[in-house]
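Enquirer: Give the three-dimensional model of this entry:
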Amino acid sequence: MKKYTEKTFNIPTLSGISTKTIEEHIKLYQGYVKNFNSIIDKLMEYKKDREANSYVIGELRRRISFEYNGMRNHEVYFSSLEGGSKSLAEGSSLKKAIETYCGPFDEFIAGFKNMATTTRGIGWAVLWYDKKDDCLIASWIDEQHLGQLNGCEMILGLDMWEHSYVADYQPSGKKQYVEDFFANLNWSVIEENFKKAKN
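Expert: Okay, here's the model as predicted:
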């Protein structure tokens, strides 16, 4: 199995979300990469005696999706904050797709923010591209990995685990964190994610 190298992100000073929070958050992302690679090492070791280690191997394989999706989800999240805030261009292919499948853009944003702030528990608010049916779907993921949509590409991911906002906003400030995330969002990155997912 392939092992992964952590990515680096060039995130400018953000409005509301502190540099310290981003630095600590990136350390968690690095942990997902390290943990995934560690699982690969352990699987290689334990497979030398599959019968004796079958239970451990099974549990490690169950853990793969949590670590892997934690890595990939965060790569989408952090890259969307690179390059500074940029709005989604009028007439862009992504804006047209959002309005086709999710309704008027402002209503989509309001609904997405509502999903992020009212869904119980830790997880992610996500906009997916479904290549099979060439459409967009917004949904919630529990934790990192429960509720991922098979065959769909994440083009926008908003981390709603408390570690992403509680140091700056306190638990009661979740709504302001979501507002600030969108204020800092670089929509040109999301547009590029959409274009790549369509190819």
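Enquirer: residues touching the residue positioned nearest the centre of the chain, list them.
Expert: Here the mean C-alpha position of the chain is nearest to the C-alpha of residue 73 (Cα atoms, centre = their mean), at a distance of 2.9 Å. In this structure, residue 73 makes contact with 124, 141, 144, 154, 157, 159, judged by Cβ atoms under 8 Å, 6 or more residues apart in numbering. Where you see a C-beta, it was placed from the backbone N, CA and C, and this is true even at glycine.
Enquirer: Need these in TSV (columns: neighbour count).
Expert: Converted to TSV, those look like this (neighbours: other Cβ atoms under 10 Å):
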residue	neighbour count
124	29
141	22
144	23
154	21
157	23
159	25
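Enquirer: picking that back up, the residue nearest to the centre of the chain falls within a strand, correct?
Expert: No. Applying DSSP: H, G, I helix; E, B strand; the rest coil, one finds residue 73 to be helix, outside a strand.
Enquirer: Kindly provide the distance from it to residue 79.
Expert: Using Cβ to Cβ, to the nearest Å, residue 73 is found at 11 Å from residue 79.
Enquirer: can you check residue 121 too?
Expert: As judged by Cβ to Cβ, residue 121 and residue 79 stand 25 Å apart.
Enquirer: same check, this time on residue 163
Expert: According to Cβ to Cβ, residue 163 and residue 79 sit 18 Å apart.
Enquirer: So those two - more neighbours on which side?
Expert: Shown here are residue 163 and residue 79; by other Cβ atoms under 10 Å, residue 79 has more neighbours (19 against 13).
Enquirer: List the contacts of that one.
Expert: Applying Cβ under 8 Å, 6+ apart to residue 79 gives the contacts 7, 9, 189.
Enquirer: thinking again about what came up before, what's the closest of the contacts of residue 73 to residue 13?
Expert: Checking those against residue 13 with Cβ to Cβ, the nearest one is residue 159 at 18.8 Å.
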